[in-house]
Each structure stands twice: as structure tokens, then as C-alpha cells.
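Visitor: Sequence first, then the predicted structure:
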There are 2 protein chains.
Amino acid sequence: MQDTARPTSTGPGVAAPYTPTDRTVPTRAKERASYDRELVHSILDAAYLCHLGFVRDGAPVVLPTLFGRVGERLYVHGSTGSRPLRNARAADPGLPVCLTVTHVDALVLARSAFHHSLNYRSVVVHGTAVTVTDPEERRIALDAIVDQAVPGRSRDARPANAKELAATAVIRLDLDEVSAKVRTGGPNDEPEDLALPHWTGIVPLTRGYAQPVPADDLDPAIGVPDYLRAL
Amino acid sequence: MQDTARPTSTGPGVAAPYTPTDRTVPTRAKERASYDRELVHSILDAAYLCHLGFVRDGAPVVLPTLFGRVGERLYVHGSTGSRPLRNARAADPGLPVCLTVTHVDALVLARSAFHHSLNYRSVVVHGTAVTVTDPEERRIALDAIVDQAVPGRSRDARPANAKELAATAVIRLDLDEVSAKVRTGGPNDEPEDLALPHWTGIVPLTRGYAQPVPADDLDPAIGVPDYLRAL
């Protein structure tokens, strides 16, 4: 484990990079790794789904879940009965987790099978998730999780009531031991392969949103809100 | 840990479901869980990227990586120097892993923040990854990983040579302790919220491929192959 007790910012207007640790320096493709804070934020903010890993009975568990970012903090929520959230509460001082976000941008087809790859942007966060108990921080976190997928939506939905809040656990993971990894560009074939008769290049992936589909019981007078049109 | 020594098929033409274990029965939303073999295969086969979790120095690590499915076996490859592959070799009898695949199909916007959700299909595989040493199985695995992203591509690329094979580790994870989880449909609002003035429904996500972009050094006589047009 690393000593992660250090400031995450050096002051107003200065976005110092994250400090590399043994866990966040890759064993290979080091040139693809970055600790740039703005790059990390941009990769996180283009996503709302993460894969959260934790250890249960000595074995790894990886579950997809929604997250929200507020500054240098990530929040994940779930049922108070769900395993990671229960474990985060039971663990003292918290639950060791790894939170990973990945975007695939293109398939990379080299002439050689060996050099096939993906263009991608990923962020891996190591740390200790702690249960959030402060009511105001919980409210901010829950809004952030809704707004991470649909910016502006939290202001156009009924906030959680007391019963719902009691059933919802929120955990926080500070952005401290963090790295991004990015691959861009075309295939990297070996010089001796350049004359091979195989198509080579990239296949960009597209992602988008189809037209919103109103629920059957929606009042037809309620049109599609601007924040959905802006997606 | 579960006893996973049981047959994975009951015979020709019979696709018995996976046997639920303590790890693959969710603590909540049980109605979304499935052990159906064809459903699990279909979710895996619509993907080529997984999030692979393992434990390092007692802490979880989750990394995005390519995979390939061959029947009831999943394969992952990597540099012989990369951490999970090195750990799988060093561990006896193998490396405990959790391999997770997730597709997000729609954002689900309920009138209440609490009932916001995603429509998704996910598969979680628990098990022990073992290093593949048999040359023929390694060849099949490496072809499967290439073909998982672009079916047919492995026949139109130079296979790995001896040097590349020596640099590549392949690990296998049997489909044995497996579950799928699927959410479909619209929002599930509380009856007392139906008159609230918030738009409600789903926003379907679209995924696709843009036109392939040939590498700068590709012979212009080599056109886009049929297997790419078929994507």
C-alpha cells in the first residue's frame, strides 16, 4: 500500500498532476500512462458507468455501477443491503477498491495479429472507499450520480425522501492514486510486414443517443426537456 | 470459495443453465439475474472488452482488456511481463479473477431520483485463471481474441511468429461460476409520483461503427474486406 496522505491540489488555478505510485505506473506501454488531472477528469466526465472492484473472502469481485464526480471525489451509491456497500460500512477504515472507467474509441487492425489493438481512454483509481454519513454530502453525491449521466436532471426529479435515503448507501473514493491510459492513432506494424496483402487501419466506434421514448403514463403535455435534447 | 468441479454441459443439444452459487446469487434485484447459458453467451459475444479483476497485495485491481470466447472457455492475453499474466503464472493452481462484461442499452429516467436506472446486460464470471501452455490451444485462443472484435479477421492477418508468441501470455477462465443480469423496460415510479411534472421515459443508447479509415501506408488496391463491411 502506498502512502496517499498528500494534498490533491497545490492551490487555486493550479492543476498539479496526480503523483504516480507503484500501483499506478504500468509495467508496460508506459508511454500511454498519464497523471494529468484535467485528462483524468475529462475521461471520467465522459462516462457515468464504472467497474468497481473489491475483495470478498479473498477473491476479487467486479461489478458495473453508476458513479458521480464532484471535484476530487467520486461517489457510488447502492442499496444498503448490497455487498460492496455493506462491506464498506463494515470495514475499518474503509473498503479497498479499484474503480475503472473505459471508453473504446476505435478498433485498430494491424497487418499482424500481434499488433491488433484498441484506441481507448481509461482511468484507474485505487483507494479506500468510505461510507458517507453527512446528510448534505449524501445529497450532493446523489445529485451528482444522476447528473453524471444526464447533466441537469437532478433538478427535474423528485429528490429522495426519508425512506429512500434510509435504503441508500453512498460511498466516497478520493481521486488521489489515479492514472489515465490513452491509445490513439493507427496500427504499428513491423517494417517487414508492410507489404503483406492485409487491409490495415482503424474502425472508429460511434456512440450516441436515440430519440427519448416517453413512458406510457407520461402526460403528453410534458415535452422532451432541453437537457435531454442537449445529450 | 465454491466447489466448481461439476460438468459444464449435460450433453449434446442440451444447454443446461449454470449452477448458481453464493457468489452468483445477487443480494438484491434477484429477478434480474439469470444463469441461462445462451443468454450468457449472447452477452459475451456482443462484446470484446471486459474488465478483469484480480487481487494484488490484498487490494483489488480492475483492468480493461480484450477477451475471446471459445465454447465454455474465455481467454485473455497480454504481455508476459504484465501483472495479471505474471501473477497467473506464479499462482498455484491459478489466479482468482472476476471477469465482467457490461452493455448499457438505455438511460432510465424516473420521476423520482431514487428510481433512476440503466437498462443493461452484464455477465460476471468468477473463477481461477490458469496460464495456457499448449501451443495449439494458445493459437486458438489468440485467434479467438482477434475474432471476438472482428469476426473473420484472424484469417486475414499475419499470425504471431515465434518471437511474438514468446512475448505473449494467454490465460484461460472456464465459464462455470457465471451469472447474467439484465434490466429492460421503462421506469418504475411509485404510484404517488405519477402526477409529478417531470419528463419520464428512457433514452436508448446507440452504438455502431464509422467508416473504416485505412492506414496511410495501405496499398490503395486493397479494399475494405467483407468482414469489416459486415460489422
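Guide: Looks like it arrived, so ask away.
Visitor: Go through chain A and flag its longest helix.
Guide: helix A:135-149 (DSSP state H).
Visitor: what residues does that helix touch?
Guide: A:45, A:47-48, A:66-70, A:75-77, A:132, A:153-154, A:157, A:159-160, A:165, A:168, A:170, A:172, B:107, B:113, B:116, B:118 (CB atoms under 8 Å, 6 or more residues apart in numbering or on different chains). In this view, the C-beta of every residue, glycine as well, is placed from N, C-alpha and C.
Visitor: Tell me which helix or strand comes right after it.
Guide: Using DSSP states H and E, the next helix or strand after helix A:135-149 towards the C-terminus is helix A:162-166.
Visitor: That following helix near chain B at all?
Guide: Yes. Judged by CB under 8 Å from any CB of the partner chain, helix A:162-166 and chain B are in contact via A:Glu164.
Visitor: So for stretch A:153-168, what gets flagged as buried?
Guide: Neighbour-count burial for stretch A:153-168 flags A:Arg153, A:Ser154, A:Asp156, A:Ala157, A:Arg158, A:Ala160, A:Glu164, A:Thr168 (criterion: 16 or more other CB atoms under 10 Å in any protein chain shown).
Visitor: Going along the chain, name the strands of chain A.
Guide: For chain A, the strands defined by DSSP state E cover A:33-34, A:49-56, A:59-66, A:68-70, A:73-79, A:95-109, A:117-131, A:168-174, A:177-183, A:201-209, A:213-214.
Visitor: Any idea which of these gets closest to B:Val40?
Guide: Shortest distance between B:Val40 and the strands of chain A, using CB to CB, is found for strand A:59-66: 15.3 Å.
Visitor: Put together a markdown table for the strands of chain A, with mean pLDDT on each row.
Guide: As requested, the strands of chain A are exported to a markdown table (pLDDT from 0 to 100):
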| stretch | mean pLDDT |
| --- | --- |
| strand A:33-34 | 94 |
| strand A:49-56 | 97 |
| strand A:59-66 | 97 |
| strand A:68-70 | 98 |
| strand A:73-79 | 95 |
| strand A:95-109 | 98 |
| strand A:117-131 | 97 |
| strand A:168-174 | 97 |
| strand A:177-183 | 97 |
| strand A:201-209 | 97 |
| strand A:213-214 | 98 |
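Visitor: CSV for these, including distance to B:Leu194?
Guide: Listed next are these as CSV, based on distance: least, CB to CB, whole Å:
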stretch, distance to B:Leu194
strand A:33-34, 47
strand A:49-56, 28
strand A:59-66, 24
strand A:68-70, 27
strand A:73-79, 24
strand A:95-109, 35
strand A:117-131, 33
strand A:168-174, 22
strand A:177-183, 42
strand A:201-209, 25
strand A:213-214, 13
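Visitor: Can you add distance to chain B and give the ones you listed back as CSV?
Guide: Listed next are these as CSV, based on distance: least, CB to the nearest CB, whole Å:
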stretch, distance to chain B
strand A:33-34, 13
strand A:49-56, 4
strand A:59-66, 4
strand A:68-70, 11
strand A:73-79, 5
strand A:95-109, 4
strand A:117-131, 5
strand A:168-174, 7
strand A:177-183, 9
strand A:201-209, 4
strand A:213-214, 4
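Visitor: Against A:Asp92, how distant is the residue nearest to A:Ala110 when sequence neighbours are not counted?
Guide: With sequence-adjacent residues excluded and distances taken as CB to CB, 6 or more residues apart in numbering or on different chains, A:Ala110 is closest to A:Pro187, at 3.7 Å. Distance check for A:Pro187 against A:Asp92: by CB to CB, to the nearest Å, it reads 49 Å.
Visitor: circling back: pLDDT averaged over the longest helix of chain A - what is it?
Guide: Mean pLDDT, computed over helix A:135-149, is 98.
Visitor: Next, the angle from it to strand A:168-174.
Guide: 80 degrees (axes from the mean of the first three to the mean of the last three CA atoms, to 10 degrees).
Visitor: partners of A:Val101 in the sheet?
Guide: In this entry, A:Val101 is beta-bridged to A:Val123, by DSSP bridges.
Visitor: what number of residues lie near it?
Guide: Neighbours of A:Val101 under the rule other CB atoms under 10 Å in any protein chain shown: 26.
Visitor: That one against A:Leu52, yeah?
Guide: No. Using CB atoms under 8 Å as the test, A:Val101 is too far from A:Leu52 to be in contact (10.2 Å).
Visitor: what touches both of those two?
Guide: In terms of CB under 8 Å, 6+ apart, A:Val101 and A:Leu52 are both contacted by the residues A:Phe67.
Visitor: of all the buried residues of stretch A:153-168, which two lie farthest apart?
Guide: So, the buried residues of stretch A:153-168 by CB to CB: farthest apart are A:Asp156 and A:Thr168, at 19.5 Å.
Visitor: The residue most central in space within chain A: what's it in contact with?
Guide: In chain A, the centroid-proximal residue (CA atoms, centre = their mean) is A:Val101; its distance is 3.7 Å. Residues near A:Val101 by CB under 8 Å, 6+ apart: A:Ile43, A:Leu44, A:Ala47, A:Leu49, A:Cys50, A:His51, A:Phe67, A:Ser122, A:Val123.
Visitor: how near is it to B:Arg69?
Guide: For A:Val101, the distance to B:Arg69 - CB to CB - is 24 Å.
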